[in-house]
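Student: need a structure here:
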Amino acid sequence: MKFGLKTLLAATILTALTGCNSNNATSTAAEHSEALVSAAQNAARSEANRARDQYRNPVATLDFFGLQDGMTVVEIAPGGGWYSEILAPALKGNGTLYAAHFPAESEGYYKRSLDGFKDKVANDARFSEVKITEFSPVTHLDIAPASSADMVLTFRNVHNWYMRGEHQGVLSAFKAFNKALKPGGILGVVEHRLPENRDDAEQKRSGYMKQSYVIEVAKQAGFELVAQSDINANPKDTADHPKGVWTLPPRLALGEEQADKYKAIGESDRMTLKFKKL
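Tutor: Residues are numbered from 1 along each chain as shown. This next block holds a predicted model:
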């Protein structure tokens, strides 16, 4: 892993890391892979994607998870490739990125998303070394060769599996991650966070999940929690919006209705959890 960033850049990233819990020693370093920082700053990234960095904190988040040159990484359900466009060039030539996307037989939105991602792999030099696999809880679980991955990453996906397949869907997904990882491999999870004092039933409709639930299901799948961070926390988000998490940017599900209010809140409050395969 190459280090030695300029002082200003290091200080900027260190500021983003100050929300980490005090017990997360690995997340407080101000040194980062030059390839990772370069990928995040790449001019090929659209203005709209760059605008979301303030909420998603990609360099600080990936640093917290421990991303390094030479790793084999699996990104789960990459969608249009927001995180992939940072991961792919950062690992290109010195690592491997598997994109565990929707199954080939998908239809509608899922097919369009998969086709769009395939087009990037075929035509965008940043994505040229990405390996596409299939993932869907319960039905498509071979996201990478067994025990081959150093890291599996999932960003804002757990609620989808829970809303469609409840606990069994989530547990099935986490077991697939465990199977793909090497012993001691890392699972990084970012998810919309539901306050612990709220009714569990809200997880079925709001798009928010309780952090305690995510930690418990990971444990059931053979992981232990090794660190947690507030890198992606947003104290302005009360997680009780009319149309769930989709009320907030970037979706703004209410359209222009109180749009200024929800834009002022910003994107959702999110847990950032780092697990290790036992």
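Student: what's the pLDDT at F3?
Tutor: We have a pLDDT of 34 for F3.
Student: Give the helix, strand or coil label for G185.
Tutor: Classification of G185 using DSSP: H, G, I helix; E, B strand; the rest coil returns strand.
Student: Using neighbour counts, pick out the buried residues of whichever strand or helix holds S172.
Tutor: S172 is located in helix 158-180, with elements delineated by DSSP states H and E. Neighbour counts over helix 158-180 (16 or more other CB atoms under 10 Å) mark 158-159, 161-163, 165, 169-180 as buried. The way it works is simple: take the backbone N, C-alpha and C, and place the C-beta from them, glycine included.
Student: can you give me the strands in the stretch 51-200 of the chain?
Tutor: Counting by DSSP state E, counting those that start in this stretch, the segments of the stretch 51-200 of the chain that form strands are 72-76, 96-101, 131-134, 149-155, 181-194.
Student: related to what we said a few turns ago, chain center to the helix holding S172: distance?
Tutor: Relative to its parent chain, helix 158-180 has a centroid offset of 15 Å by CA atoms, centre = their mean, to the nearest Å.
Student: ok, now stretch 150-167?
Tutor: Using CA atoms, centre = their mean, the offset of stretch 150-167 from its chain centre is 10 Å.
Student: likewise stretch 216-228?
Tutor: 16 Å.
Student: Straight-line length of it, end to end?
Tutor: By CA to CA, to the nearest Å, the extent of stretch 216-228 from end to end equals 14 Å.
Student: what does that stretch rub up against?
Tutor: With contact meaning CB atoms under 8 Å, 6 or more residues apart in numbering, stretch 216-228 is reached by 21, 23-24, 26-27, 64, 167, 170-171, 174-175, 177-178, 187, 189, 211, 215, 271-278.
Student: beta partners of the residue lying closest to I143 once chain neighbours are set aside?
Tutor: In space, and not counting its chain neighbours, I143 is closest to A100: 3.9 Å by CB to CB, 6 or more residues apart in numbering. Note on A100: beta-bridge partners by DSSP bridges are I76, T133.
Student: Quick check: the gap between A100 and D69.
Tutor: 21 Å (CB to CB, to the nearest Å).
Student: Between those two, which is the more surrounded one?
Tutor: Counted by other CB atoms under 10 Å, A100 and D69 do not tie: A100 has more neighbours, with 27 against 15.
Student: ok, the closest residue to Q54 other than its chain neighbours - how many residues close by?
Tutor: Once flanking residues are discounted, Q54 sits nearest to G266: 7.8 Å by CB to CB, 6+ apart. Other residues within reach of G266, judged by other CB under 10 Å, total 15.
Student: can you map out the helices along the stretch 1-150 of the chain?
Tutor: 7-16, 34-41, 47-51, 53-56, 58-65, 84-91, 108-123 (DSSP state H, counting those that start in this stretch).
Student: In a markdown table: these, plus mean pLDDT.
Tutor: Converted to a markdown table, these look like this (pLDDT from 0 to 100):
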| stretch | mean pLDDT |
| --- | --- |
| helix 7-16 | 36 |
| helix 34-41 | 90 |
| helix 47-51 | 94 |
| helix 53-56 | 96 |
| helix 58-65 | 96 |
| helix 84-91 | 96 |
| helix 108-123 | 98 |
